[in-house]
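In: Sequence first, predicted coordinates after that:
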Amino acid sequence: MDLITKDSETTLVLFSSLDRMLENVEYVVMNYRPVLNGEHYLTGDEVCERLCISKRTLQDYRDTGLLGYVQLPGKIIYRESEIESLLEDYYINKRLLK
């Protein structure tokens, strides 16, 4: 029976596999979007980035009913389909105005 040390090939392969698994888990965590009834939801930061607006403007959109949302304990999420609809309804291409 061989002695397994931190420098043995078996240990190096194990640690390499663990590193790859950790990278995969980190990717899933960073790119996870909740799916409920086939609908994708976005966080407030993602909506602000997609619409190029501030968090305060996003709150104004919620308050005026321009944008629907779902409030969970400690978190507000937005339907991706509503964001896309908002963009289709209100987006003006400035290049077309010139």
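Out: Perfect, thanks for sending it. Small disclaimer: the values here were computed from a predicted structure and weren't measured. Numbering: from 1, shown residues only.

In: quick one: residue 40 is in a strand?
Out: Yes. Residue 40 sits within a strand when classified using DSSP: H, G, I helix; E, B strand; the rest coil.

In: mind checking pLDDT for residue 98?
Out: Model confidence at residue 98, expressed as pLDDT, equals 55.

In: what bits of the protein have low per-residue confidence?
Out: 1, 34, 93-98 (pLDDT under 70).

In: can you list the domains in it?
Out: Domain ranges of the chain: 1-32, 35-97, per automatic domain parsing.

In: Of those, which stretch is the most buried?
Out: Ranked by mean neighbour count under mean count of other C-beta atoms under 10 Å, these are led by domain 35-97, which reaches a mean of 13. Glycine gets a C-beta too; all of them are placed from N, C-alpha and C.

In: Just checking the distance from that domain to the centre of its chain.
Out: 13 Å (C-alpha atoms, centre = their mean, to the nearest Å).

In: hey, which helix is longest across this protein?
Out: Ranked by residue count and defined by DSSP state H, the top helix of the chain is helix 9-31.

In: Residues contacting it, please?
Out: 4, 5 (C-beta atoms under 8 Å, 6 or more residues apart in numbering).

In: Stretch 33-53 spans what distance, first to last residue?
Out: 20 Å (C-alpha to C-alpha, to the nearest Å).

In: Show me the contact partners of that stretch.
Out: With C-beta under 8 Å, 6+ apart as the test, stretch 33-53 has contacts from 54-55, 57-58, 61, 67, 70, 75-81, 83, 86-87.

In: In strands, which of those residues appear?
Out: 70, 75, 76, 77, 78, 79 (DSSP state E).

In: which of those lies closest to residue 4?
Out: Using C-beta to C-beta, residue 75 comes nearest to residue 4 of the ones in strands among the contacts of stretch 33-53, at 45.2 Å.

In: Kindly provide the distance from that closest one to residue 41.
Out: Look at residue 75 and residue 41: by C-beta to C-beta, to the nearest Å, they are 10 Å apart.

In: What of residue 92?
Out: Distance from residue 92 to residue 41, by C-beta to C-beta: 26 Å.

In: With residue 6 instead?
Out: Taken as C-beta to C-beta, the span from residue 6 to residue 41 is 44 Å.
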